[in-house]
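Asks: sequence and computational prediction follow.
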Amino acid sequence: MAASSFAASSIPFTTTPTPRISFASSSFYPSFPRINAIPRKFLFRATTSSAPTVSATSTTSVQVNDSPASATPAKPLPFRVGHGFDLHRLEPGYPLIIGGINIPHEKGCEAHSDGDVLLHCVVDAILGALGLPDIGQIFPDSDPKWKGCASSVFIKESVRLMHEAGYDIGNLDATLILQRPKLSPHKEAIKANLSALLGVDTSVVNIKAKTHEKVDSLGENRSIAAHTVVLLMKK
Ligand SMILES: [Zn+2]
């Protein structure tokens, strides 16, 4: 049957009614913890079957087929760009953790995990660049195993997936939006910790912060948000 190409991805990504999984073991970051977090429906390298499949085969196109043998490998993209966004409510009684750094403040992020708005959007940027589902789908907040979880776990898993797909981080640019507290005293610590988690030099990680001009929930110290853009480069 005819195939229609509708998106770009470099990840072998196929869904079938009965996917069989074969994540390659991480040879690049063997110290990263392997977590069996990804729901079966998002896992890679499902086997072929007579049922219709959606597949992205190590390359630049995703194909929808009802034929098990019609996927055609193509040359992987040399660069991939991803964007991430996240927002959390600020509530009393929670720690404010940004980029893995505990920031003194009278409020913190209410969340299922540790509510690290920066790490969450960095994960989404990397997953987005890889053409994968978002952080909420891969680490669902309905799963009790992620309750109170350090978001560094999510970062390490996204980095492992990135290396598995054959990419390195080119550079990353993040913007935090919050009215208070001032982040300037903490920016270098945040940058150093995020760089270490990503396994990259600090020169390729940029952290910016701005207020929301005292308007809306962000400007009224009721929420915090972050945007991240990341460039991945083929190894
Ligand atoms: Zn979040």
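Replies: Received it, and whenever you're ready, just let me know what you need.

Asks: which helices and strands does the host helix or strand of R89 pack with?
Replies: In the assignment (DSSP states H and E), R89 maps to strand 79-92. Applying 3 or more CB pairs under 8 Å, 6 or more residues apart in numbering; DSSP states H and E, we find strand 79-92 packed against strand 107-109, helix 117-130, strand 223-234. C-beta here means a position set from N, CA and C on the backbone, and glycine is covered the same way.

Asks: now render these as JSON lines, adding distance to the ion, mean neighbour count and mean pLDDT.
Replies: Shown next, in JSON lines, are these (distance: least, CB to the ion, whole Å; neighbours: other CB atoms under 10 Å; pLDDT from 0 to 100):
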{"stretch": "strand 107-109", "distance to the ion": "7", "mean neighbour count": "21", "mean pLDDT": "96"}
{"stretch": "helix 117-130", "distance to the ion": "3", "mean neighbour count": "27", "mean pLDDT": "98"}
{"stretch": "strand 223-234", "distance to the ion": "9", "mean neighbour count": "22", "mean pLDDT": "98"}
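
Asks: include distance to E188 when you put these into CSV, please.
Replies: Converted to CSV, the helices and strands packed on strand 79-92 look like this (distance: least, CB to CB, whole Å):
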stretch, distance to E188
strand 107-109, 21
helix 117-130, 14
strand 223-234, 17
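
Asks: tell me which of these sits nearest to N171.
Replies: Taking CB to CB, strand 223-234 is the member of the helices and strands packed on strand 79-92 nearest to N171, at 5.5 Å.

Asks: what's across from the residue nearest to S217 when sequence neighbours are not counted in the sheet?
Replies: Nearest residue to S217 in three dimensions, chain neighbours excluded: S223, at 4.1 Å (CB to CB, 6 or more residues apart in numbering). Counting by DSSP bridges, S223 forms beta bridges with R89.

Asks: show me what counts as buried in stretch 140-159.
Replies: Under the neighbour-count criterion of 16 or more other CB atoms under 10 Å, stretch 140-159 has 146, 149, 151-159 buried.

Asks: quick check, nearest of those to L197?
Replies: Distances from L197 to the buried residues of stretch 140-159, taken by CB to CB, are shortest for I155, at 4.7 Å.

Asks: what residues does stretch 95-106 touch?
Replies: Here stretch 95-106 makes contact (CB atoms under 8 Å, 6 or more residues apart in numbering) with 90, 92, 107-109, 114-119, 150-152, 176, 180-181, 183, 186, 189-191, 193-194, 197, 207, 224.

Asks: CA atoms only: put it into CSV for me.
Replies: Output of stretch 95-106 as CSV, limited to C-alpha atoms (Å, rounded to 0.1, in the frame of the first residue of the first chain):
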residue,chain,number,x,y,z
PRO,A,95,11.1,23.4,47.8
LEU,A,96,12.0,25.5,44.8
ILE,A,97,14.4,23.4,42.7
ILE,A,98,15.7,24.8,39.4
GLY,A,99,18.2,22.9,37.3
GLY,A,100,18.8,20.6,40.3
ILE,A,101,19.7,23.5,42.6
ASN,A,102,17.7,24.2,45.7
ILE,A,103,16.8,28.0,45.6
PRO,A,104,15.7,29.6,48.8
HIS,A,105,12.2,31.0,48.4
GLU,A,106,9.0,31.0,50.4
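
Asks: SS state for S184?
Replies: Per DSSP: H, G, I helix; E, B strand; the rest coil, the local secondary structure of S184 is coil.

Asks: re earlier: of the buried residues of stretch 140-159, which one scores lowest on pLDDT?
Replies: Within these, the minimum per-residue pLDDT falls on W146 (81).

Asks: so how far is P104 from that one?
Replies: For W146, the distance to P104 equals 25 Å [CB to CB, to the nearest Å].
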